[in-house]
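[1] model the following, please.
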Amino acid sequence: MKLKSVSSVFWVALAICVIFVAFGAFMPVQTEQVTGNITTFISTYFSWYYLLLIMIILVICVYLLFSRYSSIKLGKEDEDPEFSLPSWFAMLFSAGMGIGLVFWTTAEPISHAFNSAPLSQPGSDQAIEEALQYSFFHWGIHAWAVYAIVALTFAYFNFHKGYPGLVSATLTPLIGEERAQGIFGKMIDVLAVIATVTGVAATLGFGAMQINEGLGYLFNIPSNFPIQFAIIAASTVLFTWSAWAGINKGIKRLSNLNMSLAGIILLALFIIGPTLYILNMFTHSVGNYIANFFEMGLRLPMNDESQMAWITDWTIFYWAWWISWAPFVGIFIARVSRGRTIKEFIIGVLAVPSLVMFIFFTVFGASAINLEANGIAQISEYATETATFAMLEQYPFGYLMSLFTVMIVVIFFVTSADSATFVLGMLSTKGNIHPAGFVKVSWGVILSAFAVIMIYTGGVQSIQNMLIVAALPFSVVIILMTWSLFISLNEERPRYKNQGNRRLFVKKQD
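    Prediction:
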């Protein structure tokens, strides 16, 4: 691998990340305090901005689904999709939700129902009925719309227009080629790299602690730094092998395996658990989600401090989190979506993952809520990382399901890091969609090193705060990317001509 193929973005982003980690290592208290204050400021003064932005992004995605541009292919006109639908969906999940699919599906509904309800008294019947509705809201199409608009823009410019595989390149129609390739464009790419590194490193650190807690719950393994270091080291070996093998062999195989294992546990818990209660909760919660869709998306109770604090702690945090992850997840989704039309892409990225998330949240969340509502077990008293294991323990074959759950978390750990190394490899090799294995492995080692340092210094929270801070400037980048996308689409000027029952896509000739 020649150094000249590595962009200056790599060195600048690496230097900034090292500075962040150094501050976290030598001044953890000050770093957490400063980043916490900035996060509080953003949550207080920009809540309206986040709510409006996410809603507008979702509206734009729906518009593109039914627009005259919907038949444009994210690739060449005669190009077929690279991956089958099952493999495509599996990789969407591995990059987009990962570990959260296992842990938050239990912990969030339980919290909304019994610890911190969005509207009602915790533990009340109303709070229980609202729990899954708001979980759907946070993990549903709003979240995937953020990923979709970034991924769609990137795939359109990279595969359809032939631009370099860089975030900065997507802004060419808006700011011009010279600026996109100049200092301003490099700043955009550095921001994307920093958001990816900080977000993934924080997730890996937290994921290692979650795996440690699961092993401790199952095998009485102590929860300490040496164990967590060993978990990260073993996982690093796995995801660097997967990264070296490439998407077709590594990420694809692990993603398919993980979704199969997750599906087995889902089906087992559905059958063994409170099946009728799960079905009723799913139907009721989907109904509430649809009925209150716009109210949840735009609600800011300015005269109720407790409810406003809940929105800040949950909704605004999630919206900022999805924006921060957008460069990483969006670029990876774009890479695996080559050859699909805009219509197929939006349906696949918005509808299918959201529906699967609803099902997972209902099966795991309703199973936990049912236990606590009937006084069988106080799942709400457990920490986030152990809530799922505490719930599974109460059902037949709970130990076996918990064992499979730990395996799933490990594989999600690997695929998330694997996907991140691919994206970082692209951004640091001038947009090469096939970055060399050496580059991806190098980023994998760096991510793991950052995660180890964060765990050792206790600085995970401060780095997560930095992730929220990074979301604000990158949200502006998303706006610019969307603006640039529509400029290019309008220049292409597609239109449809009806010929019987067929709709023929034609480009208007100048």
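
[2] now do residue 308 against residue 233, distance only.
    43 Å (Cβ to Cβ, to the nearest Å). Yep, even glycine has a C-beta here, placed from its N, CA and C like the rest.

[3] so which of the two has more stuff around it?
    For the pair residue 308 and residue 233, the greater number of neighbours falls to residue 308 (18 against 12), based on other Cβ atoms under 10 Å.

[4] that one and residue 143: what is the separation?
    Using Cβ to Cβ, one obtains 21 Å as the distance from residue 308 to residue 143.

[5] how far off centre is the longest helix along the chain?
    With DSSP state H applied, the helix covering the greatest number of residues in the chain is identified as helix 183-219. For helix 183-219, the distance between its averaged C-alpha position and the chain's averaged C-alpha position is 11 Å (Cα atoms, centre = their mean, to the nearest Å).

[6] could you say what helices and strands it packs with?
    helix 8-26, helix 225-245, helix 317-336, helix 384-392, helix 398-427, helix 437-457, helix 460-492 (3 or more Cβ pairs under 8 Å, 6 or more residues apart in numbering; DSSP states H and E).

[7] buried ones in the third one?
    If I follow you right, that is helix 317-336. If you call a residue buried by 16 or more other Cβ atoms under 10 Å, then helix 317-336 has these buried ones: 317-336.

[8] same question for the first one.
    By neighbour count on 16+ other Cβ under 10 Å, the buried set for helix 8-26 is 9, 10, 12, 13, 14, 16, 17, 20, 21, 23, 24.

[9] pLDDT of that helix, averaged?
    Regarding helix 8-26, the rounded mean pLDDT is 78.

[10] that helix vs helix 437-457, what angle?
    Counting by axes from the mean of the first three to the mean of the last three Cα atoms, to 10 degrees, helix 8-26 lies at 20 degrees to helix 437-457.

[11] let's number from 24 now, not from 1
    Fine by me, first position is 24 from now on; the one you just mentioned is helix 31-49.

[12] next one: helix 31-49 to chain centre, how far?
    Worked out by Cα atoms, centre = their mean, helix 31-49 lies 23 Å from the chain centre.

[13] and the contacts of it?
    Identification of contacts with helix 31-49 by Cβ atoms under 8 Å, 6 or more residues apart in numbering yields 53-54, 209, 212-213, 216-217, 220-221, 450-452, 469, 473, 476-477, 479-480, 482, 485-486, 489.

[14] angle of the next helix or strand after that helix against helix 483-515?
    As assigned by DSSP states H and E, the chain's next helix or strand after helix 31-49 is helix 51-68. Angle of helix 51-68 versus helix 483-515, following the same axes, to 10 degrees, is 40 degrees.

[15] need the residues that contact the following helix or strand past helix 51-68.
    Next in sequence after helix 51-68, counting helices and strands by DSSP H and E, comes helix 70-89. Counting by Cβ under 8 Å, 6+ apart, helix 70-89 makes contact with 93, 164-165, 168-169, 171-172, 175, 317, 320-323, 334-335, 338-339, 342-343, 345-346, 365-366, 369-370, 373, 498, 501-502, 505, all of which sit outside it.

[16] mind checking how far the nearest residue to residue 227 once chain neighbours are set aside is from residue 321?
    Taking Cβ to Cβ, 6 or more residues apart in numbering as the measure, residue 227 lies nearest to residue 474, with 4.0 Å between them; neighbours along the chain are not counted. Using Cβ to Cβ, residue 474 is found at 36 Å from residue 321.

[17] same deal with residue 414?
    Taking Cβ to Cβ as the measure, residue 414 and residue 321 are separated by 33 Å.

[18] the two: which is more packed in?
    With neighbours defined as other Cβ under 10 Å, residue 414 and residue 321 compare such that residue 414 has more, 29 against 12.

[19] residues contacting that one?
    Residues counted as contacts of residue 414 (Cβ under 8 Å, 6+ apart) are 129, 387, 390, 391, 394, 400, 402.

[20] element containing the second one?
    For residue 387, the element it lies in under DSSP H and E is helix 375-396.

[21] low-scoring stretches of the stretch 324-473 of the chain, by residue?
    For the stretch 324-473 of the chain, the stretches flagged by pLDDT under 70 are 456.

[22] and residue 204, how many neighbours?
    Using other Cβ under 10 Å, residue 204 is surrounded by 15 other residues.

[23] contacting residues around it?
    Residues near residue 204 by Cβ under 8 Å, 6+ apart: residue 191.

[24] that one and residue 497: what is the separation?
    Computed with Cβ to Cβ, the distance linking residue 204 and residue 497 is 20 Å.

[25] which of the contacts of helix 70-89 are buried?
    Buried by 16+ other Cβ under 10 Å: 93, 164-165, 168-169, 171-172, 175, 320, 334-335, 338-339, 342-343, 345-346, 365-366, 369, 373, 498, 501, 505, out of those.

[26] tell me who's in contact with residue 343.
    Residues 65, 73, 490, 491, 494, 495 are the ones in contact with residue 343 under the rule Cβ under 8 Å, 6+ apart.

[27] how about the residues you listed in JSON lines, adding pLDDT?
    Conversion of the contacts of residue 343 to JSON lines gives the following (pLDDT from 0 to 100):
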{"residue": "65", "pLDDT": "84"}
{"residue": "73", "pLDDT": "93"}
{"residue": "490", "pLDDT": "69"}
{"residue": "491", "pLDDT": "75"}
{"residue": "494", "pLDDT": "82"}
{"residue": "495", "pLDDT": "87"}
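
[28] neighbour count for these - can I get that in CSV?
    What follows is the contacts of residue 343, written out as CSV (neighbours: other Cβ atoms under 10 Å):
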residue, neighbour count
65, 20
73, 23
490, 26
491, 24
494, 26
495, 18
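
[29] from those, pick the one nearest residue 142.
    Ranking the contacts of residue 343 by separation from residue 142, with Cβ to Cβ as the measure, puts residue 73 on top at 19.6 Å.

[30] okay, the closest one and residue 243: tell me how far apart.
    42 Å.

[31] hang on, isn't residue 495 packed against residue 65?
    Yes. With contacts counted by Cβ atoms under 8 Å, residue 495 reaches residue 65, the gap being 5.8 Å.

[32] measure the nearest residue to residue 388 once chain neighbours are set aside to residue 394 for me?
    Among residues not flanking residue 388 along the chain, residue 132 sits closest, at 3.1 Å (Cβ to Cβ, 6+ apart). When Cβ to Cβ is the yardstick, residue 132 and residue 394 sit 12 Å from each other.

[33] so between those two, which is more surrounded?
    Neighbours around residue 132 and residue 394, counted as other Cβ under 10 Å, are more numerous at residue 132. The numbers are 31 against 22.

[34] so that one sits against residue 155, correct?
    Yes. Contact between residue 132 and residue 155 holds when scored by Cβ under 8 Å: they sit 5.4 Å apart.

[35] got any residues that touch both of those two?
    Counting by Cβ under 8 Å, 6+ apart, the residues touching both residue 132 and residue 155 are 384, 388, 389.

[36] dump the residues you listed to JSON lines, plus distance to residue 296 and neighbour count.
    Formatted as JSON lines, the shared contacts of residue 132 and residue 155 follow (distance: Cβ to Cβ, whole Å; neighbours: other Cβ atoms under 10 Å):
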{"residue": "384", "distance to residue 296": "14", "neighbour count": "26"}
{"residue": "388", "distance to residue 296": "11", "neighbour count": "31"}
{"residue": "389", "distance to residue 296": "8", "neighbour count": "29"}
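
[37] and the residue lying closest to residue 241 once chain neighbours are set aside, how many neighbours does it have?
    Setting aside the residues directly before and after it, residue 241 is nearest to residue 425 in space (Cβ to Cβ, 6+ apart), at 5.7 Å. The burial count assigned to residue 425 is 20, neighbours taken as other Cβ under 10 Å.

[38] ditto for the one 3 residues further on
    The number of residues packed around residue 428, counting by other Cβ under 10 Å, is 23.

[39] that one against residue 128, yeah?
    No. Checked against Cβ under 8 Å, the pair residue 428 and residue 128 is beyond contact range at 10.6 Å.
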